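[1] show me the folded form of this:
(2 chains)
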Protein chains: 2
Amino acid sequence: MGKGFPTAQDAEAAFYEAFETGDLEAMMNVWAEDEEIVCVHPGEARLVGYEQVRRSYAEMFKDRPRPQVHLGNQVCVQGVLLAVHSVYEHILVAGETKARPPILATNVYTRTGTGWRMLMHHASADPVRRADPLVEMLKILH
Amino acid sequence: MGKGFPTAQDAEAAFYEAFETGDLEAMMNVWAEDEEIVCVHPGEARLVGYEQVRRSYAEMFKDRPRPQVHLGNQVCVQGVLLAVHSVYEHILVAGETKARPPILATNVYTRTGTGWRMLMHHASADPVRRADPLVEMLKILH
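    A predicted model of the protein is given here:
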């Protein structure tokens, strides 16, 4: 296991870089080795603990077109041992003709003995996304 | 404006009590008076700042059947100035024949000069909920 990061911002940058590159080891180095880490991927059930989170990224990174993530509207709160960032994730995937609706994420970082690491990631779709299943269903039915 | 709370747990209890009773003043006393408070109601856009959050609860509490909230599967991290709780909200509404799918919430609390207050609330529907629009659509169409 590598070291943590000098700041929560550095941990966040490493988190999204690992997401873009699909590097599982880099991704899991961002997360704290903790039985109580919490990860909620958009529209999915809550995952708790290092092994569940690792399995979810191993699955996600399999045969996946490489995405580009641009963060927007970041709101940060910084404590002594914890930092929380609320961000919009704008995800571009090569080959997709239209931009995906943004994802809203609450990212929690913790200062460990070796530096800052991710403790929680709660992501959910922006409202525009909610309508999609209905829209798709109507397309199918008409 | 009243005082904050002795612990983040106390602030969380007050948050859900204010939600159940629909007491806007009690609800807004739980929130930190901060331009960077963040609130995401399930399936809605992110709200930032005291006034946006206040307006959303004023709207929510209008002519609303009183809900009961039971929290489950709480995962808490406690810092010096910040605390983060990941919880499942099980919401019962009088008169509804079937239980609503649970809501997953990430609640962030901050220690202010007068005690602990809520700084962020990110709520999203559990996956079972995601299917509902399709199910309802199919009911309508068959």
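[2] which residue comes closest to A:A32 once chain neighbours are left out?
    A:R117 (4.1 Å; CB to CB, 6 or more residues apart in numbering or on different chains). Backbone N, C-alpha and C define where each C-beta goes, glycine included.
[3] now do the strands in chain A.
    Assigned by DSSP state E, chain A shows strands spanning A:38-40, A:47-48, A:67-78, A:82-93, A:103-112, A:115-125.
[4] residues contacting the top helix by length along chain A, please?
    Looking across chain A with DSSP state H, the single longest helix is helix A:8-21. Helix A:8-21 has contacts (CB atoms under 8 Å, 6 or more residues apart in numbering or on different chains) with A:4-5, A:24, A:26-27, A:29-30, A:66-69, A:71, A:76, A:78, A:83, A:85, A:87, A:89, A:107, A:109, A:115-118, A:121.
[5] give me the angle between it and strand A:82-93.
    Calculated by axes from the mean of the first three to the mean of the last three CA atoms, to 10 degrees, helix A:8-21 forms an angle of 30 degrees with strand A:82-93.
[6] how about helix A:8-21 as PDB, C-alpha atoms only?
    Listed next in PDB are the C-alpha coordinates belonging to helix A:8-21 (Å, rounded to 0.1, in the frame of the first residue of the first chain):
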ATOM      1  CA  ALA A   8      -7.400  16.300   0.400                       C
ATOM      2  CA  GLN A   9      -7.300  18.200  -3.000                       C
ATOM      3  CA  ASP A  10      -4.300  15.900  -4.000                       C
ATOM      4  CA  ALA A  11      -6.300  12.800  -2.900                       C
ATOM      5  CA  GLU A  12      -9.200  14.000  -5.000                       C
ATOM      6  CA  ALA A  13      -7.000  14.600  -8.100                       C
ATOM      7  CA  ALA A  14      -5.600  11.100  -7.700                       C
ATOM      8  CA  PHE A  15      -9.100   9.600  -7.300                       C
ATOM      9  CA  TYR A  16     -10.300  11.100 -10.600                       C
ATOM     10  CA  GLU A  17      -7.100  10.300 -12.400                       C
ATOM     11  CA  ALA A  18      -7.400   6.700 -11.300                       C
ATOM     12  CA  PHE A  19     -11.000   6.700 -12.400                       C
ATOM     13  CA  GLU A  20     -10.000   8.100 -15.800                       C
ATOM     14  CA  THR A  21      -7.100   5.600 -16.300                       C
END
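[7] got the buried residues for that helix?
    By 16 or more other CB atoms under 10 Å in any protein chain shown, the buried positions in helix A:8-21 come out as A:8-9, A:11-12, A:14-16, A:18-19.
[8] no further questions, thank you.
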